[in-house]
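Enquirer: Sequence first, predicted coordinates after that:
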Protein chains: 2
Amino acid sequence: MNIGDAARASGVSAKMIRYYEETGLIPPAARTAAGYRVYGDQDVHMLRFIRRARDLGFSVEGIGELLSLWRDQSRQSADVKRLALAHVADLRRKIRELEDMAQTLETLAACCHGNDRPDCPILQELEAPAAPDAPAAPRPGAVRRPGPARA
Amino acid sequence: MNIGDAARASGVSAKMIRYYEETGLIPPAARTAAGYRVYGDQDVHMLRFIRRARDLGFSVEGIGELLSLWRDQSRQSADVKRLALAHVADLRRKIRELEDMAQTLETLAACCHGNDRPDCPILQELEAPAAPDAPAAPRPGAVRRPGPARA
DNA sequence: ATGGGGCTTACCATGGTTGGAAGGTCAAGG
DNA sequence: CCTTGACCTTCCAACCATGGTAAGCCCCAT
């Protein structure tokens, strides 16, 4: 099976398969004499595992840990569970940040007439953040920007 | 005022101020004879505006649109509101995606004994996604990965 | 005048993924 | 045998926002 077939069968693009190999997430594939990568059903199985973990928002690093547990026949399910719940906590933290932003903006938008006049509480709030005690409008620095969010 | 002072006063790092200038988000700062960037209170005001918009999760592109409305004295508040609500919709979409992931994982984790035995429903689900009808476990492809999420 | 800190530009890295270019390989059809 | 087209290979660049680092210049205070 060539990389294209493996990609179609697993849902992981050929590009990403090569990337995962390069970064050591998956072992180097066997090669034909011409240098083509060759994959078997087992490989596709692993790639699908990876795809599914990505769908659940795991980072590549996290997937690496999941994979090693997956391969480890003497694993303890407690370890898997811990990994999963840690990721859930990450997700919930991110959700809270986004939710805060959405609520602040919604509150502001609700105060905005949304007509053809220029005055707008949204712009006002951006200029000069509201009082520190207003929960919907944290002062600068209170909200941690999510950064290059990886999920 | 040098760039360091402007950074401290606005909460935007000197690095990012230069980046914003380079990418055209803000106009080039005035320079001293020695080439130092010089900022005034107005500039700091604008930088704080940008900082606040970033805190609310706007992309740099979105901030550019906000800035042009901010500067446009003949703006219509409806335009600002539309921008804000579009961003809220973005946030909510992202929140939903993350929430789906978190719930799927939590459900799986709840089924996992979390003991010293190797059998684990989490790994099982990653290997072979559950039935298509289970809402907490969409088939591969049903969950759109957010990609290089920009907020 | 010398030292320390600030400023300048320029480059590298992150994370995950996509895109392209340039070139080799394979299978089918003429 | 040759062409064509689909596939594969490697390498390089880009995205977004940010942090870091390094070499070199500048300014101020001692």
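Expert: Ah, there it is.

Enquirer: From now on I want contacts and neighbour counts done on CA atoms only, so please keep to that.
Expert: Will do.

Enquirer: Break chain A into its domains for me.
Expert: For chain A, automatic domain parsing gives the domain ranges A:3-57, A:76-151.

Enquirer: can you put those in a markdown table and add mean neighbour count and mean pLDDT?
Expert: Below are the domains of chain A laid out as a markdown table (neighbours: other C-alpha atoms under 10 Å in any protein chain shown; pLDDT from 0 to 100):
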| stretch | mean neighbour count | mean pLDDT |
| --- | --- | --- |
| domain A:3-57 | 17 | 97 |
| domain A:76-151 | 18 | 79 |
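
Enquirer: residues in contact with A:His87?
Expert: When contacts are counted by C-alpha atoms under 8 Å, 6 or more residues apart in numbering or on different chains, A:His87 touches A:Phe58.

Enquirer: quick revisit: looking at the domains of chain A, which is closest to B:Thr104?
Expert: Distance to B:Thr104, taken as C-alpha to C-alpha, is lowest for domain A:3-57 among the domains of chain A, at 7.9 Å.

Enquirer: With adjacent residues omitted, what lies nearest to the residue of chain A most remote from its centre?
Expert: No residue in chain A sits farther from the centre than A:Arg117, which is 40.4 Å out by C-alpha atoms, centre = their mean. Closest residue to A:Arg117 in three dimensions, ignoring its sequence neighbours and counting by C-alpha to C-alpha, 6 or more residues apart in numbering or on different chains: B:Gln76, at 5.0 Å.

Enquirer: Please identify which helix or strand holds the closest residue to A:Leu98 other than its chain neighbours.
Expert: Excluding the flanking residues, the one nearest A:Leu98 by C-alpha to C-alpha, 6+ apart is B:Leu91, at 6.2 Å. Assigned by DSSP states H and E, B:Leu91 falls within helix B:77-111.

Enquirer: For DNA strand C, tell me whether that helix is touching it.
Expert: No. Judged by C-alpha under 7 Å from any atom of the strand, helix B:77-111 makes no contact with DNA strand C; its nearest approach is 14.1 Å.

Enquirer: could I get the next helix or strand after that helix in PDB with only the CA atoms?
Expert: For helix B:77-111, the following helix or strand on the C-terminal side (DSSP H and E) is helix B:121-127. Presented in PDB, the C-alpha positions along helix B:121-127 are these (Å, rounded to 0.1, in the frame of the first residue of the first chain):
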ATOM      1  CA  PRO B 121     -12.700   2.100  26.700                       C
ATOM      2  CA  ILE B 122     -10.800   5.300  25.800                       C
ATOM      3  CA  LEU B 123      -8.200   3.500  23.800                       C
ATOM      4  CA  GLN B 124     -10.900   1.200  22.400                       C
ATOM      5  CA  GLU B 125     -12.800   4.200  21.100                       C
ATOM      6  CA  LEU B 126      -9.700   5.700  19.600                       C
ATOM      7  CA  GLU B 127      -9.000   2.500  17.800                       C
END
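
Enquirer: Mind giving me the packing neighbours of helix B:121-127?
Expert: Applying 3 or more C-alpha pairs under 8 Å, 6 or more residues apart in numbering or on different chains; DSSP states H and E, we find helix B:121-127 packed against helix A:41-55, helix A:77-111, helix B:77-111.

Enquirer: can you list contacts of it?
Expert: Taking C-alpha under 8 Å, 6+ apart as the rule, helix B:121-127 contacts A:45-46, A:48-50, A:52-53, A:66, A:70, A:80-81, B:105, B:108-109, B:111-112.

Enquirer: Closest one to A:Pro28 out of these, please.
Expert: A:Met46 (13.0 Å).

Enquirer: check contacts around A:Ser74.
Expert: Contact analysis of A:Ser74 by C-alpha under 8 Å, 6+ apart lists B:Arg117, B:Pro118.

Enquirer: Report the secondary structure state of it.
Expert: Following DSSP: H, G, I helix; E, B strand; the rest coil, A:Ser74 is assigned to coil.

Enquirer: on that earlier part again, distance check, the residue nearest to A:Leu98 against B:Asp55.
Expert: Taking C-alpha to C-alpha, to the nearest Å as the measure, B:Leu91 falls 13 Å from B:Asp55.

Enquirer: Mutual contacts of the two, please.
Expert: Counting by C-alpha under 8 Å, 6+ apart, the residues touching both B:Leu91 and B:Asp55 are A:Met101.

Enquirer: how about the domains of chain A in a markdown table, adding distance to B:Pro27?
Expert: Output for those, formatted as a markdown table (distance: least, C-alpha to C-alpha, whole Å):
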| stretch | distance to B:Pro27 |
| --- | --- |
| domain A:3-57 | 38 |
| domain A:76-151 | 18 |
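
Enquirer: With distance to DNA strand D added, can I get those domains in JSON lines?
Expert: Output for those, formatted as JSON lines (distance: least, C-alpha to the nearest atom of the strand, whole Å):
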{"stretch": "domain A:3-57", "distance to DNA strand D": "3"}
{"stretch": "domain A:76-151", "distance to DNA strand D": "5"}
